[in-house]
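Enquirer: task: produce atomic coordinates for the following.
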Amino acid sequence: RVGHVKPAADVFKTLFHVLRDRLSAADSSALERDMLVAATKQCEAAGANPSALEQLHQVGSKLATMHFLPTDKHYPVAVAIVKGAVEYAESTNELILHGAAPYCARLRVADALAVANSLEARDGFRVAD
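Expert: Residues are numbered from 1 along each chain as shown. Take a look at the predicted model:
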């Protein structure tokens, strides 16, 4: 059965690229966000056990690998996903950060610093004294 994983991954990648390339930038961002939110809800429904958390992280990893720097025309989506995940975590469910973490590694240094600086201003992400 392990031999079937690569073809399934290739089909997912191809389907994702076809969908994303047919959408506007805003819709492309919404597509990835909705996939991450759905994975977060599944993780929560499974009780956020270690296996469910790993699956959520894997969904985020797979989505994040669709962004190649610095030439990716969809790079702004990666930034929007990280910012949106922070907002979702603060307002709805912090589990989404497990899925959004792989996107952080894809951010340019300036964008990562901007996100980090914005976190300092948020009450939900302040470090306890």
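Enquirer: drop to CA atoms for contacts and neighbour counts, all remaining ones
Expert: Fine.
Enquirer: residue boundaries of the helices in this structure?
Expert: 5-22, 25-45, 50-64, 75-91, 96-104, 109-120 (DSSP state H).
Enquirer: what helices or strands is the third one leaning on?
Expert: This means helix 50-64. If you count contacts as 3 or more C-alpha pairs under 8 Å, 6 or more residues apart in numbering; DSSP states H and E, helix 50-64 packs onto helix 25-45, helix 96-104.
Enquirer: tell me which of those helices sits most buried.
Expert: Highest mean neighbour count of these: helix 96-104, a mean of 23 (counted as mean count of other C-alpha atoms under 10 Å).
Enquirer: what about it, distance to the chain center?
Expert: Computed by C-alpha atoms, centre = their mean, to the nearest Å, the chain-centroid distance of helix 96-104 equals 5 Å.
Enquirer: swap in stretch 91-108?
Expert: 5 Å.
Enquirer: how about stretch 35-50?
Expert: Centroid separation between stretch 35-50 and its chain, computed with C-alpha atoms, centre = their mean, is 13 Å.
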